[in-house]
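coordinates for the following, if possible.
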Amino acid sequence: MPIIDVTIVGGTDEQQREKFMEEVTELAVKTFSVPENTVRCIIRDIPTTHFSVAGVPKNRAQ
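Okay, the predicted model is just below:
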């Protein structure tokens, strides 16, 4: 059973997440030759205030 775990920084809306999950599921079915009902997809949507690069929060990075 494929479990696809994705982390996105910066926010997405519900429609984008749903479309992403649908398309990733289709790709997993095609690539791994597995039934659609065995594919799991987890999206972790991290606020820019909770992510940093070189110690600088992403929401403050230039």
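
for the host helix or strand of residue 15, name the packing helices and strands.
In the assignment (DSSP states H and E), residue 15 maps to helix 14-32. If you count contacts as 3 or more Cβ pairs under 8 Å, 6 or more residues apart in numbering; DSSP states H and E, helix 14-32 packs onto strand 3-9, strand 40-46. In this view, the C-beta of every residue, glycine as well, is placed from N, C-alpha and C.

so which of the ones you listed is nearest residue 28?
strand 3-9 (6.5 Å; Cβ to Cβ).

now do stretch 55-62: everything it contacts.
9-10, 47-49, 51-53 (Cβ atoms under 8 Å, 6 or more residues apart in numbering).

could you dump those into JSON lines with neighbour count, distance to residue 19 and pLDDT added?
Listed next are the contacts of stretch 55-62 as JSON lines, based on neighbours: other Cβ atoms under 10 Å; distance: Cβ to Cβ, whole Å; pLDDT from 0 to 100:
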{"residue": "9", "neighbour count": "14", "distance to residue 19": "18", "pLDDT": "90"}
{"residue": "10", "neighbour count": "11", "distance to residue 19": "17", "pLDDT": "80"}
{"residue": "47", "neighbour count": "12", "distance to residue 19": "21", "pLDDT": "90"}
{"residue": "48", "neighbour count": "14", "distance to residue 19": "22", "pLDDT": "88"}
{"residue": "49", "neighbour count": "10", "distance to residue 19": "25", "pLDDT": "89"}
{"residue": "51", "neighbour count": "14", "distance to residue 19": "23", "pLDDT": "89"}
{"residue": "52", "neighbour count": "13", "distance to residue 19": "28", "pLDDT": "88"}
{"residue": "53", "neighbour count": "10", "distance to residue 19": "27", "pLDDT": "87"}
